[in-house]
Every structure is written in C-alpha cells, then in structure tokens.
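1. have a look; sequence and predicted model below, questions after that.
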Amino acid sequence: MKLDPRSRQRLLSVLSVLALFLLWELICRLFNVSDLVLPKPSQIFKVLFERLPALMPHATQTLFTTVVGFGLGVLAGVLIGVMIGSSKLAYDVAYPLLVGFNSIPKVAVVPIFVVWFGAGTVPAILTAMTISMFPVVVNVATGLATTEPELEDVLRALGASKTDILWNVGLPRTMPYLFASLKIAISLAFVGSVLSETVAANRGIGNVMMIASGNFDVPLVFAGLFILAFLGVALYAIFSFIEHKVTGWAQRKTDFSIA
Amino acid sequence: MTAFIELDNVSLRYPGGDVLALASTDMKIGQGDFVAVVGPSGCGKSTILKLVAGLIPATTGNVMVDRHEVRGPSKGVGMAFQNPTMLPWLSVRDNVMLPLKIVPPFRQEYGSKKKTEFADRAEALLKQVGLAGFGDKRPWQLSGGMLQRASLCRALIHEPRLLLLDEPFGALDQFTREELWSIMQSLWLDKKPTVILVTHDLREACYLGTRIYMMSARPGRILDIRDVDFARPRTLAMTFTPEFTAIVQHLRMQIADSRGVALEAA
C-alpha cells in the first residue's frame, strides 16, 4: 500500500495512540494491576461512556472557564505586551515585576481569589487568565522589540507615527510569536481552571476528579483526565489551524522558490 | 541659488559616547542634485543621512531642508539601506506600496485606490527596474539583487523630493551592482529627486554622483568636494575611460593620505 507522507504521518500518530492504550491494557491484565492504582483503559472508557451525561455539564463548565480565562488572559497579555514592547523604559521597568509575578505558584493565588470573589466560576476564570497571560506578554513584547531598526528608519523618514509603525510592522511581525504563545497559553489555561476547580468549586472536571479520588473511584478520575486531554488537544488543534492560516508567511515554503 | 539641503556647522556626538561621530560639517545641496558621500567605514556617512532625515538631532549646528530647520523626523523622505528590509507577510507589490499607506495625500486614498491606481503605479515602477511580473511574489522568493530593486521602488513610489540611500548596492555582486547603477541613474533622470547616496565604492560615487563629498575617518569631516561633470546618461563603458579613472584614482589617494596622516598622528 502506497501512502503520501502526510497521510502516513497521520496514520502513524493514530496507531501510536492505539498502541499506547493496548500496551497499558496488556500491562494491567498481565500484572493484574488493581483498579485502585491504575485502571485498565477499557474500564476507563466504559466509565466514560456510562457517565458521560453526568460528566457533560462539568466538562462544559471547565471548557467555559478555560476559554473565558484564556480569552481575557490573551487580551490582557497583548495589551501589556504591546505596552512594554514598544517602549524601552516600560520594558525595563515592568519586566522584573512580571517575572516576580509569574514566579508565584498560581495555586497560592487561588485562595485569594476565593476570598475576593467566593468559590466557583470567577476564581477559575481568573486563575486561567493569570496563568495564561505571561507567555503572551513575553512573546508579544519580544516580537515588537526586535523590529529591524532600519525598517523603522525607513518608516519614520516617511513621517509614520508610532501607531502607523505598530499597525503596519510591529503587530504583523509579532503574529508568529503571538500564535506560538497561544498554543502554550491554552494548555496553561486548563492548568489554571482545573487547579482552581480542585481547590474551590462545586462544578467542573477538576471538582469531579477531586470528589472521585476522595471516593477511591479511580476509573472516574482517569475518565476526567481523558476528558481534559481531549479538550486540550482539540483547542490546541484549533489554534494550530488558525496559526497556519494567519502566519503562513513565517513558514517558508522552499519548493515555491524561484531563485 | 538657495540650497535645498543645508548643513551649517553640524556635529554629532551619540548620547553616552565620548566619540565624535561627525565633526563640524558644512554642506550645501541644491534641489535635484545627486550627491555621493564617500569615505571609509565609521566616518559618519550614515550619520549625515540620519541627521537630514531628522531621525537624530544634531549636537551642534543647524540642518535645513527646503528652508525649514529639521527638528523631528521628516515627512515623505524615501530611504533605502544595504538591507532591503522587505516585510515577509506582504507581496512584493504591497511592500512597494507601503509608503502610500503612510504619506499624505496618498494615505487618505489608500483604501479606495490600492487595488487600481496604486497597484498599477507599483507595477509600472517594478517594470522600470526589471521586476515586471514579480509583484505577486513574496520577498523570500526573490534574490538579493531583486529585493534591492524592490527596495528602490519602495523608496520612490510616492515620488519623494528627497531620496536618502545608505550603501544600497553594498551587499550585491559586481554585475548586479553595475546593472543597478544604470537603473538608479534612469530613475533619477526620470523624476529628478534630490539624492544623497552614501557609499564606499568610489566608482559607484563617480558613476552616479554629480558632486562627491570625501569624508575622513572618525571623527568624520569633509576632506574635499569634487564635481563630476560627465554627460548623462553615463554608461559603464565610460567608467573605463582615462578621465574617469583619473578621478577615481585621485579620490583613492586622498583617502589613503588621510588615513596615513591619522595613523601617524596615532
């Protein structure tokens, strides 16, 4: 059977996932691993399908807090990134502050959010936002700060304002940096929301997993993990796709070259 | 004749540095002149361009362009550098049209004319430099020489009265460079903008320049001014005549002399 390289690569990816589950299943059966330690994939999928109706609202809740938190984080990240990326002074002043802020383990921030806003949706959104903001800030600021000085001279000699330069050069050339950071940020946003749900919430996959582990319902804990992995991969794929559409110019295609 | 560009006792010390980049310099450039500034590296040639464009303020003295003192970045001045700095996310044509997005009165009409009149104008200019049919390509699909042609188009699309060129042919091979000299000459003869060309290629300066300013090594100052009166359009064959070679040789000796003096003094 002949396949083009692209389909072959996809087929291999799918096969590797299946192989992983198969190996896992085999090890569990061969060594008779207890359900309480590591449930078999077959069992996890069974639980997943049986309890899907009950799990769905929690999955939606987690997806909602993650996406909203991520959206706010990206918005704030782009604004702060543009601010500190377009001025040397702002860059030098704000950078230590940001690094310090980012060094705080986000799990330590959740109780503060809970005190301010009560348990539930708001702290989850805010945690997702604060955790996903940093990579966006850094990448946007870097993209802007590394604009070629000669190009800036060309534009300034034409009488371009700072906004002109930002719109025509700064922001477009920052796009590949921004999208690279979005893929990291969306995964981090999940960390934030699930973290907050495990600490202080009565809904969401994090909360379900917390309760299930309390009840020693390990297959359900793993079912929760599978849902998170699925959501994470789906969102990552969406942003990869948009990235490809928006910043195709940054991925040079040598086969089009004429020189 | 009142000068279009006038430098009166201009010097420049970059902030934070003790090195004088440009010692007190006087220059008078008439409208429509093609001036070449030659000298060794680090003689403040590029500094002169930045001062004229208002990108940096002079430490002492006055820079006047079109009878107005230069106090901030100029408006509508065309510039081209050794590095073509094309924007990789735009087609070559859109890159060439970039100044039209910024310089009035074009910028007000950019939205309505970018697909019609402005695009035709860019195509016409690209054709003039031998890039007909390359408007839809992306910059990375072009060779260095082609990018440099596009960069010249970008500097000229809005028909600037002043064109500042900082070693635009410096990174090209000999053949491409000589071809671009002739293209540059015809572009200049076409619209007659005032041009200041910074270069360290003496033949290039003599081929293109109507007047040549010789600069010494740091701190940069003007050693000599030389008018080149060969008829236009000049040809490559002309650069091998004894008269032409004599001028090049004369300039070369002067630079060598000034360096010798500088070395002895040090």
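-> Yep, that arrived. Numbers count the residues shown, from 1 in each chain, chains lettered A, B, ... in the order given.
2. who in the stretch 1-150 of chain A is up against chain B?
-> On the criterion C-beta under 8 Å from any C-beta of the partner chain, chain B has as its neighbours in the stretch 1-150 of chain A the residues A:148, A:150. Quick note: C-beta positions are derived from backbone N, CA and C, even for glycine.
3. need the residue closest to the centroid of the chain.
-> Because you didn't say which chain, this covers chain A. A:Ile186 (1.7 Å; C-alpha atoms, centre = their mean).
4. actually it's chain B I care about, not the one you picked
-> Of all residues in chain B, the one closest to the mean position by C-alpha atoms, centre = their mean is B:Leu165, 1.7 Å from it.
5. can you map out the helices along chain A?
-> Secondary structure of chain A, counting by DSSP state H: helices at A:5-30, A:41-50, A:52-85, A:88-103, A:110-117, A:121-145, A:149-157, A:162-165, A:171-199, A:205-214, A:218-246.
6. let me know which of those helices is tucked in deepest.
-> Neighbour counts (mean count of other C-beta atoms under 10 Å in any protein chain shown) averaged over each of the helices of chain A peak at helix A:121-145, with a mean of 25.
7. so where's the chain shaky on pLDDT?
-> Going with chain A. Within chain A, the stretches with pLDDT under 70 are A:1-2, A:251-259.
8. could you do chain B instead?
-> When residues are selected by pLDDT under 70, those of chain B lie in B:1, B:260-266.
9. longest single helix anywhere in it?
-> Assigned via DSSP H, chain B shows its longest helix as helix B:242-265.
10. okay, buried residues for it please.
-> With burial defined by 16 or more other C-beta atoms under 10 Å in any protein chain shown, the residues of helix B:242-265 counted as buried are B:244, B:247-248, B:251, B:254-255, B:258.
11. out of those, which is nearest to chain A?
-> The nearest member of these to chain A, counting by C-beta to the nearest C-beta, is B:Ile255 at 25.7 Å.
12. now the residue nearest to that closest one when sequence neighbours are not counted: how far from chain A?
-> Taking C-beta to C-beta, 6 or more residues apart in numbering or on different chains, and ignoring the residues beside it in sequence, B:Ile255 has B:Pro40 as its nearest neighbour in space, at 6.4 Å. With the distance defined as C-beta to the nearest C-beta, to the nearest Å, B:Pro40 ends up 21 Å from chain A.
13. residues in contact with the residue in the stretch 1-150 of chain A that chain B sits nearest to?
-> With C-beta to the nearest C-beta as the measure, A:Glu150 is the residue of the stretch 1-150 of chain A nearest to chain B, at 4.7 Å. Contacts of A:Glu150 were listed using C-beta atoms under 8 Å, 6 or more residues apart in numbering or on different chains, and they are B:81, B:83, B:85.
14. most proximal residue of the stretch 151-259 of chain A with respect to chain B?
-> Taking C-beta to the nearest C-beta, the stretch 151-259 of chain A has A:Gly159 as its residue nearest chain B, at 3.4 Å.
15. so that residue makes contact with B:Lys75?
-> Yes. Shown here, A:Gly159 and B:Lys75 form a contact pair, counting by C-beta atoms under 8 Å, at 3.4 Å.
16. more neighbours: which of those two?
-> Here A:Gly159 and B:Lys75 are compared on neighbour count by other C-beta atoms under 10 Å in any protein chain shown; more neighbours surround A:Gly159, at 19 against 14.
17. may I have the phi/psi pair for the more buried one?
-> The phi and psi torsions at A:Gly159 (degrees, to the nearest 10) take the values phi 100, psi 20.
18. got a list of what it touches?
-> Contacts were defined as C-beta under 8 Å, 6+ apart; by that measure A:Gly159 touches B:73-77, B:102-103.
19. hmm, which of those residues are the buried ones?
-> For the contacts of A:Gly159, a neighbour count by 16+ other C-beta under 10 Å gives the buried set as B:73-74, B:76-77, B:102-103.
20. those residues into a markdown table, with extra columns for distance to B:Pro160?
-> As requested, the buried ones among the contacts of A:Gly159 are exported to a markdown table (distance: C-beta to C-beta, whole Å):
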| residue | distance to B:Pro160 |
| --- | --- |
| B:Pro73 | 14 |
| B:Ser74 | 10 |
| B:Gly76 | 6 |
| B:Val77 | 6 |
| B:Ile102 | 12 |
| B:Val103 | 8 |
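21. can you tell me which of these are up against chain A?
-> Those of those which are also neighbours of chain A are B:73-74, B:76-77, B:102-103, as judged by C-beta under 8 Å from any C-beta.
22. and of those residues, the nearest to B:Leu7?
-> Among those, B:Ser74 lies closest to B:Leu7 (C-beta to C-beta), at 14.3 Å.
23. I'd guess B:Val35 is in a helix, am I close?
-> No. Read with DSSP: H, G, I helix; E, B strand; the rest coil, B:Val35 is strand and lies in no helix.
24. quick check, it in contact with B:Met214.
-> No. The pair formed by B:Val35 and B:Met214 falls short of the contact definition of C-beta under 8 Å, at 11.9 Å.
25. outline the domain layout of the chain.
-> Just going to use chain A. Domain assignment for chain A by automatic domain parsing gives A:9-38, A:40-249.
26. could you do chain B instead?
-> As assigned by automatic domain parsing, chain B contains the domains B:1-76+B:163-266, B:83-160.
27. alright, that wraps it up for me.
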